[in-house]
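Visitor: Predicted model and sequence follow; I will ask about them next.
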Amino acid sequence: MRIPESVVRVKVISNGIENSVPLQLSDRGKKSVEAFYSLPGLGNWRPQGDSYAELSILFDLGLPLSLIANVASADKIRSQLAKSILNGSTIQPSQMSEISCCAILSYLGYRPVFVKENWHRTPDLRIEEFDGHCIDIEVTRADARHIHKNVQSALRDLIGILRAGDFGFHLLVLLADARVDISSAEVLEKVLQLTPGETAEVPMNWYIKAYPLAERDFVVSGAAESADSPDWWPRSGPKAFAISALVSATQSPYVRIGSLYPDAVYINPVKNKAERPQKEIGNCYVVALDAGNLPGYEKKIQSELENYFSQWPHVSGVLAFQYLPWAGYKNKQWDIVFYKNDSSRYPTPNGFLNTALGEKQKIIFSIT
């Protein structure tokens, strides 16, 4: 049988790319490159250089494309991706989220399809049959980077005011949300009133404690935060910190300021899709959240969903996933967590995603 010329061209280019990679590609690595070059019009496209940054798109995009190679309904999004690459424009994050979700479900054997848009609200993906159920999946993503940056920027501003060495003690400051205008002047005024061992607090907003200079190791190690933080400050989960330290022969003052990230960043993308469902009547409905920009997402989301699931009987569950691009060429990884809604009128079948509530599952692919 004659091999089509387009397939031969993809094989040749794939071999050329393989020569640019310092390690030999695995079968999955080769399929990733071939899937990338199978995008319409990309037969002669080449990265501008051989650095990892230039070649990474072949694997970051090629891997999920290789996993949905048999999804006929993916032709539209494949054409959109090819157009972006050929035009040198940025691939839409929402498109990456959709193909990542489809790739994960395809790899796990659920045979998802992309749903054609029409005049009413349709889901992004659908599993047309699994254990007698039809499962509609709406994909969303959280872009919390600007909020995280704002929190960190607010901490830097405050650490510029509460500088080590300006007080005769070590200082621990814990904030519910550094972005909120807590009045730096008010915090500074409270600090100036403290003596070592004293605290000041506005519950659920901020907490301050001064420590004797002899207790530096206790503050620097984080033990002070664990031992003395108020009830509203969680013992685990994502937080941002800024520090100021001064080392001298006679004293070494240390200031540690921490802030929580706002919970709304984690739940709002899910909430928006849950309260505006895009599904067919009678189908299971899963909201898939690309949590790539949400540090510590699994516990945060779980705690929030416990409050909301009873209010969303039409929602079958939430699938959170996060892509982890390992440094170098060796591996690519997705972490997934499925939260099943036990209060749903349309529960997913037993065995769907096969994970307990909040249990993280790692999917790792070897590229080389």
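Guide: Thanks, I have the structure now.

Visitor: quick check: domain ranges of the protein?
Guide: With domains defined by automatic domain parsing, the chain comprises 5-93, 125-144+263-366, 146-260.

Visitor: quick one: which of these is nearest residue 101?
Guide: Ranking those by proximity to residue 101 (C-beta to C-beta) places domain 125-144+263-366 first, at 4.7 Å. Glycine gets a C-beta too; all of them are placed from N, C-alpha and C.

Visitor: how far away is residue 341 from residue 280?
Guide: Distance of residue 341 to residue 280, computed by C-beta to C-beta, to the nearest Å: 18 Å.

Visitor: With neighbour numbers in mind, choose between those two.
Guide: Neighbours per residue, other C-beta atoms under 10 Å: of residue 341 and residue 280, the larger number sits with residue 341, 26 against 16.

Visitor: quick one: pLDDT of the closest residue to the more buried one other than its chain neighbours?
Guide: Closest residue to residue 341 apart from its sequence neighbours, by C-beta to C-beta, 6 or more residues apart in numbering: residue 309 at 4.5 Å. For residue 309, the model assigns a pLDDT of 93.

Visitor: Beta-bridge partners for the closest residue to residue 340 other than its chain neighbours, please?
Guide: Nearest residue to residue 340, sequence neighbours excluded (C-beta to C-beta, 6+ apart): residue 317, at 4.4 Å. Taking DSSP bridges, one obtains residue 286, residue 340 as the residues bridged to residue 317.

Visitor: Could you pull up the residues touching the closest residue to residue 122 other than its chain neighbours?
Guide: The shortest distance from residue 122 to any non-neighbouring residue, by C-beta to C-beta, 6+ apart, is to residue 115 (4.9 Å). Residues near residue 115 by C-beta atoms under 8 Å, 6 or more residues apart in numbering: 73, 122-126, 136.

Visitor: now swap in residue 319 and tell me
Guide: Contacts for residue 319 (C-beta under 8 Å, 6+ apart) come out as 101, 137, 286-289, 336-339, 353.

Visitor: Tell me where the stretch 151-300 of the chain is predicted with low confidence.
Guide: By pLDDT under 70, the low-scoring segments of the stretch 151-300 of the chain are 181-184, 247-251.

Visitor: Sketch out the strands for it, chain order is fine.
Guide: Using DSSP state E, counting those that start in this stretch, the strands of the stretch 151-300 of the chain run over 170-175, 199-202, 206-211, 239-245, 254-260, 284-290.

Visitor: ok so, going back, filter the contacts of residue 115 to the buried ones?
Guide: 122-126, 136 (16 or more other C-beta atoms under 10 Å).

Visitor: can you tell me which two in the residues you listed are farthest apart?
Guide: Maximum pairwise distance in those, criterion C-beta to C-beta, is 10.0 Å, between 122 and 125.

Visitor: re the thing from before, so which of the contacts of residue 115 are in strands?
Guide: 125-126, 136 (DSSP state E).

Visitor: Residue 29: what secondary structure?
Guide: helix (DSSP: H, G, I helix; E, B strand; the rest coil).

Visitor: let me fix that: residue 314
Guide: Applying three-state DSSP: residue 314 is coil.

Visitor: you'd agree residue 243 is up against residue 253?
Guide: No: the pair residue 243 / residue 253 is not scored as a contact, 11.1 Å apart, by C-beta atoms under 8 Å.

Visitor: who has more neighbours, these two?
Guide: Per other C-beta under 10 Å, whichever of residue 243 and residue 253 has more neighbours is residue 253, with 22 against 14.

Visitor: what's the closest non-adjacent residue to the more buried one?
Guide: residue 164 (4.2 Å).

Visitor: Spit out the contact partners of the one you found.
Guide: Contacts of residue 164 (C-beta under 8 Å, 6+ apart): 171, 244-246, 253-255.

Visitor: Just the buried residues from these, in ChimeraX please.
Guide: Listed next is the ChimeraX selection for buried residues among these, using 16+ other C-beta under 10 Å:
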select :171,244,253,254,255
